[in-house]
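Participant: Return a 3D structure for these sequence lines:
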Amino acid sequence: QVQLVDSGGGLVQAGGSLRLSCAASGHTFNWYAMGWFRQAPGKERDIVAAISRSGRATYYDDSVKGRFTISRDNAQNALWLQMNSLKPEDTAVYYCAAAHTTALPTSRVEYDYWGQGTQVTVSS
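Facilitator: Take a look at the predicted model:
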């Protein structure tokens, strides 16, 4: 199993930045592709970004391309999401997730383990 603890959320004004962190423990971190998802009230939990096991391949939802950057450090068992130029529509609970696969999964059902979530609120 992999245990994931995500953190770094908060309240920020539109145009501001936040950096989310996800600390992993348990199984070998570099066995897992990683992703960030978000869920706004009354909406589905959707992919924001994903990164392959090596970190060489990434995926971004169109809504965050050019504003968000996903990164990982396998030596530190850590995953990050740098969020810049934040918009009110980015407001949601953000979750990190791990998928035991060599692929770059973008669907929620492909992920095996989840963090507890961290709230991001962007005011206008």
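Participant: outside of stretch 74-86, which residues touch it?
Facilitator: Contacts with stretch 74-86, where a contact means CB atoms under 8 Å, 6 or more residues apart in numbering, come from 12, 14-25, 29-30, 34, 36, 48-49, 51, 55, 64, 67-72, 90, 94, 96, 120, 122. In short, each C-beta sits where N, CA and C put it, glycine included.
Participant: Please convert the buried members of the residues you listed into PyMOL selection syntax.
Facilitator: To isolate the buried ones among the contacts of stretch 74-86 in PyMOL, judged by 16 or more other CB atoms under 10 Å, type:
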select buried, resi 12+18+20+21+22+23+24+29+30+34+36+48+49+51+55+64+68+69+70+72+90+94+96+120+122
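Participant: Dead centre of this protein: give me the residue that sits there.
Facilitator: For the chain, Trp36 is the residue whose C-alpha lies nearest the centre (CA atoms, centre = their mean; 2.0 Å).
Participant: Which strand or helix spans that residue?
Facilitator: strand 33-39 (DSSP states H and E).
Participant: quick one: strands adjacent to that strand?
Facilitator: Strand pairing for strand 33-39, using DSSP bridges, gives strand 45-51 (antiparallel), strand 92-99 (antiparallel).
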